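Q: A predicted structure for the sequence below; I have some questions about it.
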Amino acid sequence: HLNLVINVLFFISGAILVYFFWRYVSNAMDMNRKILRIMNNLFTALLVPTILLCLVNLFYPLYFSVDENGFYQRGDHWLLSQLYLLIGITIFIAGITVSKAPRRDKLVVSSFVAIPLINQFLTIDTFGLSTQYAATLVSIVLIYGVVFADREKRIVAKENELAVGTKIQASMMPSEFPAFPDRKDFDIYASMHPAREVGGDFYDFFLIDDDHLALVIADVSDKGVPAALFMMASKILLRNHAMSGMSPKDILEKTNNQICSNNREEMFVTVWLGIADLKEGKITAANAGHEYPVIKEPDGKFALLKDKHGFVLGGMAGVKYKEYEIPLKKGTKLFLYTDGISEATSENKELFGNDRMVDALNHNENANVQKVLGEMDNAVAAFVENEPQFDDQTMLCFEYLGEGETV
């Protein structure tokens, strides 16, 4: 009876091993999600009846029998016990065929089929407990050593790169507030929350002279250290051209041409840039493919300003940009952001969107600039809940308080 129970468990464990090994190795095979879902469903649907048929042997010798002396004997339907394994091998080979994984990984993972089959051939006349699954475990160890261990090293290296990128990114942006404690004619606050996969978001603000304040928010296309370095170079170019007294359109055109002249990584950056004339009460701005700014008039609500977009910086040399003006009255607010805000994603895969963003701004439209950003943080966090975010969330809020004297 003990031999009967042991062999039933042996057959069940074989089916479970095939199932879980497929789930284990399919993660490394880089397959189309739809195809992978079909294969997973097929494996799962067949596992339950396979286990039930194995249990039948406790009462009826379907796959094998144990004689009165306790010896194992194959039954007439023994080949049926190999059906799940054969189906598993078929799905496995099909999965490797459609996989986009490197050839080396495909060959190593194929040992899951090759080593047990070789073992099965060599022990074809051996009855009782087989070494087939021991051979399968040898294959699993080989695959882990070559494919998964190497993959984990790449993941660790990538995480280290992202950490370095985050430090570069944070070190390049103004972080002390109030930024201009001696100025009574405007207030400004900005924040950036890095995502799991750090990108190249950045903001900047600086006085060109006593009467002109530059405002910049931007988003680099790539992630990690390359994006952080590209961000740093773009930020420096924009600032240098602004400090030389250029207009927003000229700043973008000059920066774009310089980036395009040496852009081997083929990155690009979206930029909204405005220069506030604090004496005259206006912002002159230009947009290089960035998100729409949001404006609040003193007696009104926050609303999107659907300005005309130019092409991104770094995409093509010789692009021309257009300027427009935003009149400033005492109490006018300007809210700038990157798509990490509008495209924040909930657990239901729904985007936060511009409408929710504007509604959140209008929840307390008279709040000061720091509180505006704090309430937006809370609104986004409540929307996404525990869903991980893969894009930086960067914001800047500027409020014009009217022409005033410095202290």
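A: Yep, that arrived.

Q: CA only for contacts and neighbour counts going forward, please
A: Fine.

Q: helices along the stretch 1-150 of the chain, start to end?
A: 2-26, 33-56, 83-98, 103-109, 111-122, 132-143, 149-171 (DSSP state H, counting those that start in this stretch).

Q: now residue 259: which helix or strand?
A: helix 248-260 (DSSP states H and E).

Q: show residues contacting that helix.
A: 234, 237-238, 241-242, 273-275, 284-286, 288, 313-323 (Cα atoms under 8 Å, 6 or more residues apart in numbering).

Q: just the CA atoms of that helix, as CSV, please.
A: The C-alpha trace of helix 248-260 is given here as CSV (Å, rounded to 0.1, in the frame of the first residue of the first chain):
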residue,chain,number,x,y,z
PRO,A,248,11.6,81.9,-25.6
LYS,A,249,11.3,80.9,-29.3
ASP,A,250,15.0,81.7,-30.0
ILE,A,251,16.0,79.8,-26.9
LEU,A,252,14.1,76.7,-28.0
GLU,A,253,15.4,77.0,-31.6
LYS,A,254,19.0,77.4,-30.5
THR,A,255,18.9,74.6,-28.0
ASN,A,256,17.2,72.2,-30.5
ASN,A,257,19.8,72.8,-33.1
GLN,A,258,22.6,72.2,-30.6
ILE,A,259,21.0,69.0,-29.4
CYS,A,260,20.4,67.7,-32.9
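
Q: picking that back up, closest one to residue 306 among the helices of the stretch 1-150 of the chain?
A: For residue 306, the closest of these is helix 149-171, at 28.4 Å, according to Cα to Cα.

Q: ok, back up a step: report the distance from the helix holding residue 259 to the chain centre.
A: Remark: helix 248-260 is offset 29 Å from the chain centroid, using Cα atoms, centre = their mean, to the nearest Å.

Q: again, but for stretch 301-314
A: That offset, for stretch 301-314, works out to 25 Å (Cα atoms, centre = their mean).

Q: which other residues reach it?
A: 252, 255-257, 259-260, 263, 266-271, 286-290, 292-296, 319-322, 358, 361-362, 365.

Q: now a ChimeraX select for only the buried ones of those.
A: Selection of buried members from the contacts of stretch 301-314 for ChimeraX, criterion 16 or more other Cα atoms under 10 Å:
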select :252,255,256,257,259,260,267,268,269,270,271,286,287,288,289,290,292,293,294,295,296,319,321,322,358,361,362,365
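
Q: just the ones of the contacts of stretch 301-314 in helices?
A: Within the contacts of stretch 301-314, residues falling in helices by DSSP state H are 252, 255, 256, 257, 259, 260, 358, 361, 362.

Q: now these as a markdown table including pLDDT?
A: Below are the ones in helices among the contacts of stretch 301-314 laid out as a markdown table (pLDDT from 0 to 100):
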| residue | pLDDT |
| --- | --- |
| 252 | 97 |
| 255 | 97 |
| 256 | 96 |
| 257 | 96 |
| 259 | 94 |
| 260 | 94 |
| 358 | 96 |
| 361 | 96 |
| 362 | 95 |
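
Q: so which of those comes closest to residue 280?
A: Closest to residue 280, out of all of these and judged by Cα to Cα, is residue 252, at 22.9 Å.

Q: averaging pLDDT over each of the helices of the stretch 1-150 of the chain, which comes out lowest?
A: Lowest mean pLDDT within the helices of the stretch 1-150 of the chain: helix 149-171, a mean of 65.

Q: partner strands of the helix or strand just after it and their direction?
A: Per DSSP H and E, the first helix or strand lying C-terminal to helix 149-171 is strand 186-193. When pairing is defined by DSSP bridges, strand 186-193 lines up against strand 393-400 (antiparallel).

Q: for the strand it pairs with, what is the average pLDDT?
A: pLDDT averaged over strand 393-400 gives 96.

Q: list the contacts of it.
A: 185-195, 201-203, 217, 278, 328-341, 369-370, 372-373.

Q: let me know whether residue 11 touches residue 54 as I believe.
A: Yes. If you go by Cα atoms under 8 Å, residue 11 and residue 54 touch, sitting 6.4 Å apart.

Q: which residues do those two both contact?
A: Common neighbours of residue 11 and residue 54, counting by Cα under 8 Å, 6+ apart, are residue 81.

Q: hmm, back to that, only the buried subset of the contacts of strand 393-400, as a ChimeraX command please.
A: In ChimeraX, this line selects whichever of those come out buried by 16+ other Cα under 10 Å:
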select :185,186,187,188,189,190,191,192,193,194,195,201,202,203,217,278,328,329,331,332,333,334,335,336,337,338,339,340,341,369,370,372,373
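
Q: so of the contacts of strand 393-400, which ones are in helices?
A: Residues of these located in helices (DSSP H): 339, 340, 341, 369, 370, 372, 373.

Q: leaving out chain neighbours, which residue sits closest to the third one?
A: Once flanking residues are discounted, residue 341 sits nearest to residue 393: 5.4 Å by Cα to Cα, 6 or more residues apart in numbering.

Q: ditto for the second one
A: Of all residues beyond its chain neighbours, the one nearest residue 340 is residue 393 (4.5 Å), with distances taken as Cα to Cα, 6+ apart.

Q: give me the neighbour count for the one you found.
A: If you count neighbours by other Cα atoms under 10 Å, residue 393 ends up with 24.

Q: could you dump the helices of the stretch 1-150 of the chain into a markdown table with mean neighbour count and distance to residue 65 added?
A: As requested, the helices of the stretch 1-150 of the chain are exported to a markdown table (neighbours: other Cα atoms under 10 Å; distance: least, Cα to Cα, whole Å):
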| stretch | mean neighbour count | distance to residue 65 |
| --- | --- | --- |
| helix 2-26 | 17 | 7 |
| helix 33-56 | 15 | 11 |
| helix 83-98 | 17 | 18 |
| helix 103-109 | 16 | 35 |
| helix 111-122 | 17 | 20 |
| helix 132-143 | 18 | 20 |
| helix 149-171 | 15 | 42 |
